[in-house]
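Participant: below are the sequence and a predicted model for it; my questions follow.
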Amino acid sequence: MTYKDPPQGLLDFLTRESKEQIRTNQLLEKVLAALAPNPSNPSSSIPTQQLQTLKSQLESGQYIPYNVRTFDMTTAQTDYPVTLQGYNLVATSDGVLSGVTVKFNSANNDALPLQYFSGKSIPFTKLLLSWTAQPGKTLYLIIGNADTEFDLAQGDALAQVIGTYTRWGKLIVPGWVYADEVTAPIAGAALVTQTVTTGKTGYIYGAFISAEEGNEFLINWASGGIAKSKRLVFSSLGSFEFIDQVPVNEGLPADATTDVTISVVTAAGAGKIYQANLLYGEI
């Protein structure tokens with residue numbers, strides 16, 4: 001095949017794609033840096049082999065979104081084979097794109113007019129191209145790579161990580177710790193308790209408290225071996241719930257094997273019902 005300089009429109013397209021890839025790489029690098037293994041907390045490592053592979057590709061400069069192939073259309077071709085894995089295909093030429101068909105993976109498959117299929121997404125390992133003789137014209141294919149671009153499983157994993165990181169600010173998915181109603185709890189009683197797992201650190205993202213009278217409550221945890229608390233004051237009976245993207249104990253994570261609790265400060269009146277729940281996560 002004879003190489004020709006691509007038309008300006010194709011160069012403009014590739015320039016835009018390169019800029020988009022730079023922005024994508026910058027986002028991925030930030031996310032992956034935040035997820036990098038922490039020697040002081042091995043449990044915070046990247047959770048999937050796919051993400052480790054993607055991180056390696058970014059660091060080595062091997063994260064390449066596409067390949068470009070050019071074909072001289074002077075002589076007609078039938079089922080010309082192009083063996084290259086890909087997810088999507090964009091086609092253009094120095095002129096009107098016509099008289100070109102493509103079969104995916106096998107010569108037994110139906111031929112598709114390339115001018116109508118261009119830009120669509122489909123996984124493939126082989127292309128079979130046919131075109132009529134068009135002297136002076138060149139066919140350009142931009143092929144989204146499957147061998148260097150993260151595969152669909154990696155994309156799903158990365159999307160989940162980015163969504164989690166955006167929602168909670170950490171690679172963490174908090175959940176509610178429920179506790180039953182308590183009648184007339186004594187002063188200092190824990191209404192709900194969550195023990196931090198060995199080797200983990202705990203974060204408090206929300207709470208629910210309900211009481212049939214006014215009282216004060218403490219959210220309690222230990223960080224760095226020092227007891228910490230935040231006080232919530234009920235001037236009268238009622239219920240209160242909050243959820244935040246930033247944990248209550250940001251910068252002061254609960255120590256491993258310690259208890260995170262919500263306790264009542266003053267003894268409850270006879271027959272008064274209390275309840276508390278925690279929105280808690282750990283890494």
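Facilitator: Alright, I've got the coordinates.
Participant: what does the pLDDT read for Thr148?
Facilitator: The model reports Thr148 with a pLDDT of 39.
Participant: how's the chain carved up into domains?
Facilitator: Residue ranges for each domain of the chain read 8-168, 175-282, as given by automatic domain parsing.
Participant: any idea which of the ones you listed scores lowest on pLDDT?
Facilitator: Lowest mean pLDDT of the domains of the chain: domain 8-168, a mean of 68.
Participant: need the three-state assignment for the residue lying closest to Thr78 once chain neighbours are set aside.
Facilitator: Spatial nearest neighbour of Thr78, excluding adjacent residues (CB to CB, 6 or more residues apart in numbering): Ser130 at 4.9 Å. Heads up, the C-betas are built off the backbone N, CA and C, glycines and all. Classification of Ser130 by DSSP: H, G, I helix; E, B strand; the rest coil places it in strand.
Participant: try Val90
Facilitator: Using three-state DSSP, the structure places Val90 in strand.
Participant: surely it meets Ile142?
Facilitator: Yes. The criterion here is CB atoms under 8 Å, and Val90 meets it with Ile142 at 4.2 Å.
Participant: higher neighbour count, those two?
Facilitator: Counted by other CB atoms under 10 Å, Val90 and Ile142 do not tie: Ile142 has more neighbours, with 22 against 19.
Participant: can you tell me how far Leu237 is from Tyr274?
Facilitator: Going from Leu237 to Tyr274 by CB to CB, to the nearest Å gives 10 Å.
Participant: and if you look at Gln85?
Facilitator: 61 Å.
Participant: ok, Val248 next?
Facilitator: In this view, Val248 and Tyr274 are 20 Å apart by CB to CB.
Participant: out of Gln85 and Tyr274, which sits in the more crowded spot?
Facilitator: Legend: neighbour count by other CB under 10 Å for Gln85 and Tyr274, higher for Tyr274 (22 against 17).
Participant: for the more buried one, list each beta-bridge partner.
Facilitator: For Tyr274, the beta-bridge partners are Val182, Ala211 (DSSP bridges).
Participant: for it, which residues are in contact?
Facilitator: For Tyr274, the contact set (CB atoms under 8 Å, 6 or more residues apart in numbering) comprises Glu181, Val182, Thr183, Pro185, Leu191, Ile209, Ser210, Ala211, Glu212, Asn215, Val264, Ala268.
Participant: which among these gets closest to Val173?
Facilitator: Nearest to Val173 out of those is Ile209 (CB to CB; 22.8 Å).
Participant: with just CA atoms, put the helix or strand where the closest one lies into PDB.
Facilitator: Under the criterion DSSP states H and E, the helix or strand holding Ile209 is strand 202-211. Only the C-alpha atoms of strand 202-211 are listed here, as PDB (Å, rounded to 0.1, in the frame of the first residue of the first chain):
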ATOM      1  CA  GLY A 202     -13.700   3.700  60.000                       C
ATOM      2  CA  TYR A 203     -15.700   6.700  58.700                       C
ATOM      3  CA  ILE A 204     -19.000   8.100  59.800                       C
ATOM      4  CA  TYR A 205     -21.100   9.500  56.900                       C
ATOM      5  CA  GLY A 206     -24.400   9.900  58.600                       C
ATOM      6  CA  ALA A 207     -26.700   9.200  61.500                       C
ATOM      7  CA  PHE A 208     -30.400   8.800  62.400                       C
ATOM      8  CA  ILE A 209     -31.600   9.600  66.000                       C
ATOM      9  CA  SER A 210     -35.100   9.500  67.300                       C
ATOM     10  CA  ALA A 211     -36.300  10.200  70.900                       C
END
